[in-house]
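**Student:** Coordinates for the following, if possible.
(one chain, ligands or ions: 1)
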Amino acid sequence: MMLKNKRATVARLGKRMLAAGLTTGTGGNLSWCDRRRGLIAVSPSGVAYDRMTAADVAVVDLEGRRMDGDLAPSSELPFHLALYRHRPDVAAVVHTHSVYATTLACLHWEIPAVHYLVGFAGPKVPLAAYATYGTEALARNVVDAIGSSNAVLLANHGMIAVGADLEKAFAVAEEIELVARIYYQAKAVGTPQILPEDEMQRVMARFRSYGKKPLEERPQTAQNSLKIRARGCPGA
Ligand SMILES: [Zn+2]
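**Tutor:** Numbering: from 1, shown residues only. Now for the predicted structure:
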């Protein structure tokens, strides 16, 4: 089976996306690119995450041609391909319809630096203009908006998070949904105080100084969670 491990991880994190409340039903999609081989494992179209197996996960090349798997790739394949072409640093894409990020996207708002954890994406989370789902027009809007950010909101639709691997992209999606919820709640009762740009630059420099990416410091087990907390993990 081509890309066996990556396909298994796509299926596993699809279930986690559902369990974490980042999507419902068959909404959202994930992919993980093997840059060396130019192949992408991408969640299939129309399969419920709780039933998805590694064999269900489609394999396509960077032009979107089907290389393995019986099922068609996600209908949102165009923006996955566009992101891999546009951002050589990106090897994984997670797309969610998580409720708070999507709420802000429906208002056509960006997410400012209301909490320092927005630094998982960048100094803010930008907004991509609306286009019909699954279209090349939407893929162009995503590429136009994302810049060097690790997340982007899709107007009237949802959110995309990217990373150097699928666990990292997934963690960005989780953190940005949390920041979106905090922003929404803060706006509901008052005027959120936004961190200045120079402070976000310091935060992102600190994230980088903990390792190559802040996400590497995410506690994965109780044991390394203790170790990381003692070092002042940005996510702790
Ligand atoms: Zn979607």
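
**Student:** For residue 8, which non-adjacent residue is spatially closest?
**Tutor:** residue 54 (4.1 Å; C-beta to C-beta, 6 or more residues apart in numbering). No exception for glycine: its C-beta is placed from N, CA and C like everyone else's.

**Student:** let me fix that: residue 87
**Tutor:** Ranked by C-beta to C-beta, 6+ apart and with sequence neighbours excluded, the top spatial neighbour of residue 87 is residue 162, at 6.7 Å.

**Student:** Compute the distance between the one you found and residue 80, please.
**Tutor:** As for residue 162, its distance to residue 80 is 10 Å (criterion: C-beta to C-beta, to the nearest Å).

**Student:** Neighbour count: these two, which is higher?
**Tutor:** residue 80 (30 against 26; other C-beta atoms under 10 Å).

**Student:** what's the strand or helix carrying the more buried one packed up against?
**Tutor:** Here residue 80 sits within helix 77-86, counting by DSSP states H and E. Contacts defined by 3 or more C-beta pairs under 8 Å, 6 or more residues apart in numbering; DSSP states H and E place helix 77-86 against strand 29-34, strand 39-42, strand 92-96, helix 136-146, strand 158-163.

**Student:** For that helix, buried residues please.
**Tutor:** For helix 77-86, a neighbour-count test (16 or more other C-beta atoms under 10 Å) marks 77-84 as buried.

**Student:** Roughly how far does the residue lying closest to residue 35 once chain neighbours are set aside sit from residue 6?
**Tutor:** Of all residues not flanking residue 35 in the chain, residue 91 sits nearest, at 5.7 Å (C-beta to C-beta, 6+ apart). For residue 91, the distance to residue 6 equals 10 Å [C-beta to C-beta].

**Student:** Settle it for me: which of the two has more neighbours?
**Tutor:** Neighbours per residue (other C-beta under 10 Å) separate residue 91 from residue 6, with residue 6 holding more: 24 against 21.

**Student:** Now do the same contact list for that one.
**Tutor:** 32, 34, 41, 57, 166 (C-beta atoms under 8 Å, 6 or more residues apart in numbering).

**Student:** okay, the closest residue to the second one other than its chain neighbours: pLDDT?
**Tutor:** Of all residues beyond its chain neighbours, the one nearest residue 34 is residue 3 (6.0 Å), with distances taken as C-beta to C-beta, 6+ apart. Residue 3 is assigned a predicted lDDT (pLDDT) of 96.

**Student:** next one: residue 234
**Tutor:** 45.

**Student:** swap in residue 222?
**Tutor:** 42.

**Student:** do residue 208 as well
**Tutor:** At residue 208, the model reports a pLDDT of 85.

**Student:** where does this protein dip in pLDDT?
**Tutor:** When residues are selected by pLDDT under 70, those of the chain lie in 211-236.

**Student:** How is it divided into domains?
**Tutor:** 4-189, 202-230 (automatic domain parsing).
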